[in-house]
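Visitor: Sharing a model prediction with you, sequence too.
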Amino acid sequence: MKKILMQTFFNRPTLVVARGLLGKYLVRRIPARGGQPARTLALMLTEVEAYDGPHDLASHASRGRKTPRNVHMFGNAGRFYVYFTYGMHWLVNVVTGPKDYPAAVLLRAGAYQDLKTKQITPVTGPARLTKFMHIDKAQNGKLATRATGLWFEDRGIQIPARAVSTGKRVGVDYAGPVWASKRYNFKI
DNA sequence: ACAAGGATACCT
DNA sequence: GGTATCCTTGTC
């Protein structure tokens, strides 16, 4: 059972979407090039983080929509917000909630299963995730659909509540005590 | 423990 | 114009 997640999934409160993404699959279709055949990668998400609204001081949207980088956070749900940081890393978010309400879920970790060997490889860290899935600025602002080559699927896996832990978001001490202490990080 | 690396934000 | 910072990782 594979069901592509549509905009209705993402157009909900950011925390609900974040929790709901655990156990869902991020799927990447990599087109053939340079003699290499096309291939499809599927990564089950195991850690995500919510950035919720214009007042969230940990969010790129907290300083308003005056800069070109964060415009997609204000867009409609189900689009990717991909940005470059630390001089070398791409990080990917999926935009949530209604248009003009800046919110997104950062994808931080997943698990990959090799179809032949059945071997499961953890992919931990948001920049390792984008590197593994071949995500960069080309996907920024694109809708999460098959046409984009990057989308989400529900493959029928349910993550029970007892398997989910929440915690503070990573690396957001600068956001002040209120927002830095929000338990907006969800992991299996 | 810290360098790498480059865009961004926020000054002057 | 300058410069401190950044939702990190790899290697020390």
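Guide: Yes, it's here. Numbers count the residues shown, from 1 in each chain, chains lettered A, B, ... in the order given.
Visitor: Quick check: phi and psi on the residue sitting nearest the centre point of chain A?
Guide: Centrality entry for chain A: nearest residue to the mean C-alpha point is A:Leu107, 3.2 Å, by CA atoms, centre = their mean. Backbone geometry at A:Leu107, expressed as degrees, to the nearest 10, gives phi -90, psi 120.
Visitor: so what's the residue lying closest to it once chain neighbours are set aside bridging to?
Guide: Nearest residue to A:Leu107, sequence neighbours excluded (CB to CB, 6 or more residues apart in numbering): A:Val92, at 5.3 Å. Where C-beta positions appear, they are placed from N, C-alpha and C, glycine not excepted. For A:Val92, the beta-bridge partners are A:Val82 (DSSP bridges).
Visitor: Burial check on A:Val92, number of neighbours?
Guide: A:Val92 has 24 neighbouring residues, counting by other CB atoms under 10 Å.
Visitor: which stretches of chain A form helices?
Guide: A:7-10, A:14-21, A:126-132, A:176-180 (DSSP state H).
Visitor: List the buried residues for the first one?
Guide: Neighbour counts over helix A:7-10 (16 or more other CB atoms under 10 Å) mark A:Phe9, A:Phe10 as buried.
Visitor: hang on, the earlier thing: so which of the helices of chain A is nearest DNA strand C?
Guide: Closest approach to DNA strand C among those (CB to the nearest atom of the strand): helix A:126-132, 3.5 Å.
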